[in-house]
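Colleague: Would you be able to build a 3D model of this:
(one chain, ligands or ions: 2)
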Amino acid sequence: MEKLLIEGGHSLNGTVQISGAKNSAVALIPAAILADTSVTIDNLPKISDVDILAELLEEIGGKTELTDDTLVINPENMFAMPLPNGRVKKLRASYYMMGAMLGKFKKAVIGLPGGCNLGPRPIDQHIKGFEALGAKVTNEQGAIYLQADELIGARIYLDVVSVGATINIMLAAVRAKGRTIIENAAKEPEIIDVATLLSSMGANIKGAGTNVIRIDGVDELHGCRHSIIPDRIEAGTFIILASAMGDSVLIDNVIPDHVESLIAKLREMGVMIDVADDSVFVRANHNDLRSVDIKTLVYPGFPTDLQQPFTSLLTKAEGSSMVTDTIYNARFKHIDELRRMGANIKVEGRSALINGGPKLQGATVRASDLRAGAALVVAGLMANGITEITGVEHIDRGYSDLENKLKGLGAKIWREKLGEKELSDLKNS
Ligand SMILES: CC(=O)N[C@H]1[C@@H](OP(=O)(O)OP(=O)(O)OC[C@H]2O[C@@H](n3ccc(=O)[nH]c3=O)[C@H](O)[C@@H]2O)O[C@H](CO)[C@@H](O)[C@@H]1O
Ligand SMILES: C=C(OP(=O)(O)O)C(=O)O
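Modeller: Ligands and ions are numbered 1, 2, ... in the order given. Next up, the predicted model:
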């Protein structure tokens, strides 16, 4: 196990290239199960979620070849191998194995997913969708058993706007007989990316990116080549970092529309931002930031996945800011760690009240989840002195080459192995 060390207080300058989107990649890889021939996915981020999904495809008989940022998946010998335990528990997106295997084999056994611990993360809407398509679904000892004689298109209204349920139902429905209509669908850009890959494989999908998606099932899907969209959450994290510590930073390979809600809030805070076709240039005004309130919402609202790093930035803004997370009720595990660094933050229910101003101090802190890790990296770069961050494995789930990208901007950040005492303290904590 490793820790990240950051010497704070150095300003950031230069250009950073954004990688392909984690939340697309983790759906596109399982989607390849549905094809009869090889699928090639380009612009993959180098993250552990991608490695684990490729291993899961190997477990069910697939062949995968990862070179640089390209993954070739040969699904020809895949079979409906049950996956009740093991790797499926290590990430959230293993739930997409359910939709893809149900679509292809009409059956699947998949353990309940892992992923960031943000409070309850039920998958009832995924199951409601699979059942509407004709699958029998049971939950036995922490694994979901799915079985259908045939899948038949249906009209499905999602009670909760869910990214995962929208994509999972699409994955099963592309091979169902007849038309499926998903109403109250999620509209995140990653959903359009998955629909684009499935369409290149021969699927018939209309309306992805709106709240009504129509899918006409087809008998077979073939291989194709697809390049992943840029990661709007990684881009947003670097825009926040640049707003905190940048003199002038160009965040390149971005779709600026995807980060519009963030840019609007940063401009309210006094950050100077120029937007071009596929890049965002931040000229920070980082010693004179104004406080703002944010509320996380489904896309195109402010993304919950940027709430935690944004909270770190707000500790620098004079005055009181309120952060409300309407998507998850327990996405505040980073707050205790920020307090260790001297932040003045009170949590009440789904909101955090940040009294900004005093400079953070380096401390030893723990990343409890992926974006808590990002929040602590932002805080560490802002703080006086050295910050040590454990729980780096969470950060590695979703940020591609984070240290090198930051070093390229002038940050002092490095990685060390945990000593024996640190390991035993962690075990006992
Ligand atoms: C791998 C992936 O893409 N992860 C993203 C995905 O997670 P994930 O797909 O898990 O998130 P959802 O959009 O499904 O969840 C949104 C909300 O709906 C609730 N819900 C969801 C499904 C369900 O069946 N029942 C239910 O009640 C959840 O508890 C949550 O409160 O979207 C989240 C919201 O943008 C992001 O934070 C995650 O980064
Ligand atoms: C919550 C996240 O990831 P996951 O859904 O994979 O746990 C995230 O990317 O911020």
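Colleague: And what about the residue of the chain found nearest ligand 2, helix, strand or coil?
Modeller: Closest approach of the chain to ligand 2 (Cβ to the nearest ligand atom) occurs at residue 115, with a separation of 2.9 Å. (C-beta placed from N, C-alpha, C; glycine too.) Per DSSP: H, G, I helix; E, B strand; the rest coil, the secondary structure class of residue 115 is coil.
Colleague: check which helix or strand covers the nearest residue to residue 37 once chain neighbours are set aside.
Modeller: The spatial neighbour of residue 37 that comes closest, neighbours along the chain excluded (Cβ to Cβ, 6 or more residues apart in numbering), is residue 223 at 3.6 Å. According to DSSP states H and E, residue 223 maps onto no helix or strand at all.
Colleague: Show the pLDDT at residue 223.
Modeller: Residue-level confidence at residue 223 comes out at 98, pLDDT.
Colleague: What are the phi and psi values at it?
Modeller: phi -70, psi 170 (degrees, to the nearest 10).
Colleague: Report the separation between it and residue 258.
Modeller: As defined by Cβ to Cβ, to the nearest Å, residue 223 lies at a distance of 28 Å from residue 258.
Colleague: Quick check: which element contains the closest residue to ligand 1 within the stretch 51-200 of the chain?
Modeller: Here the residue of the stretch 51-200 of the chain nearest ligand 1 is residue 164; by Cβ to the nearest ligand atom that distance is 2.7 Å. Assigned by DSSP H and E, residue 164 belongs to helix 163-173.
Colleague: Could you tell me how far that helix lies from the centre of the chain?
Modeller: The offset between the C-alpha centroid of helix 163-173 and the centroid of the whole chain comes to 16 Å, using Cα atoms, centre = their mean, to the nearest Å.
Colleague: That one vs ligand 2: in contact?
Modeller: No. Contact between helix 163-173 and ligand 2 is absent, the nearest approach being 7.7 Å (criterion: Cβ under 6 Å from any ligand atom).
Colleague: Which neighbouring elements make contact with that helix?
Modeller: Using 3 or more Cβ pairs under 8 Å, 6 or more residues apart in numbering; DSSP states H and E as the contact criterion, the neighbours of helix 163-173 among helices and strands are helix 22-31, helix 96-105, helix 124-132, strand 179-183, helix 189-200, strand 212-216.
Colleague: Kindly recompute the last result at 6 Å.
Modeller: Under the contact criterion of 3 or more Cβ pairs under 6 Å, 6 or more residues apart in numbering; DSSP states H and E, helix 163-173 touches helix 96-105, helix 124-132.
Colleague: is it possible to export these to CSV including mean pLDDT, distance to residue 45 and mean neighbour count?
Modeller: As requested, the helices and strands packed on helix 163-173 are arranged in CSV below (pLDDT from 0 to 100; distance: least, Cβ to Cβ, whole Å; neighbours: other Cβ atoms under 10 Å):
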stretch, mean pLDDT, distance to residue 45, mean neighbour count
helix 96-105, 98, 16, 27
helix 124-132, 98, 24, 21
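Colleague: how about the residues of the stretch 1-150 of the chain that lie near ligand 1?
Modeller: Taking Cβ under 6 Å from any ligand atom, the part of the stretch 1-150 of the chain that reaches ligand 1 is made up of 23, 26, 92-93, 120-126.
Colleague: Now a ChimeraX select for only the buried ones of those residues.
Modeller: Buried members of these, identified by 16 or more other Cβ atoms under 10 Å, are gathered into one ChimeraX selection as follows:
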select :23,26,92,93,121,123,125,126
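Colleague: What about ligand 2: which of the residues of the stretch 1-150 of the chain next to ligand 1 touch it?
Modeller: By Cβ under 6 Å from any ligand atom, the members of those lying near ligand 2 are 92-93.
Colleague: mind putting the residues of the stretch 1-150 of the chain next to ligand 1 in a markdown table, distance to residue 69 included?
Modeller: Shown next, in a markdown table, are those (distance: Cβ to Cβ, whole Å):
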| residue | distance to residue 69 |
| --- | --- |
| 23 | 16 |
| 26 | 15 |
| 92 | 22 |
| 93 | 18 |
| 120 | 34 |
| 121 | 29 |
| 122 | 33 |
| 123 | 30 |
| 124 | 35 |
| 125 | 32 |
| 126 | 29 |
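Colleague: which among the residues of the stretch 1-150 of the chain next to ligand 1 gets closest to residue 281?
Modeller: residue 23 (25.0 Å; Cβ to Cβ).
Colleague: residues in contact with the closest residue to the closest one other than its chain neighbours?
Modeller: The spatially closest residue to residue 23, leaving aside those adjacent along the chain, is residue 190, at 4.5 Å (Cβ to Cβ, 6+ apart). For residue 190, the contacting residues are 21, 23-24, taking Cβ atoms under 6 Å, 6 or more residues apart in numbering as the criterion.
Colleague: residues in the stretch 251-400 of the chain within reach of ligand 1, list them.
Modeller: Taking Cβ under 6 Å from any ligand atom, the part of the stretch 251-400 of the chain that reaches ligand 1 is made up of 304-305, 327-328.
Colleague: Could you rerun that using 5 Å?
Modeller: 304-305 (Cβ under 5 Å from any ligand atom).
Colleague: hey, where'd the helices end up in the stretch 251-400 of the chain?
Modeller: Counting by DSSP state H, counting those that start in this stretch, the stretch 251-400 of the chain has these helices, from start to end: 260-269, 307-314, 333-340, 370-382, 392-396.
Colleague: Tell me the helices and strands packed up against the third one.
Modeller: Under the contact criterion of 3+ Cβ pairs under 6 Å, 6+ apart, the helices and strands touching helix 333-340 comprise helix 370-382.
Colleague: before we move on, the earlier item: which residue sits closest to the residue of the stretch 51-200 of the chain closest to ligand 1, ignoring its sequence neighbours?
Modeller: residue 95 (5.8 Å).
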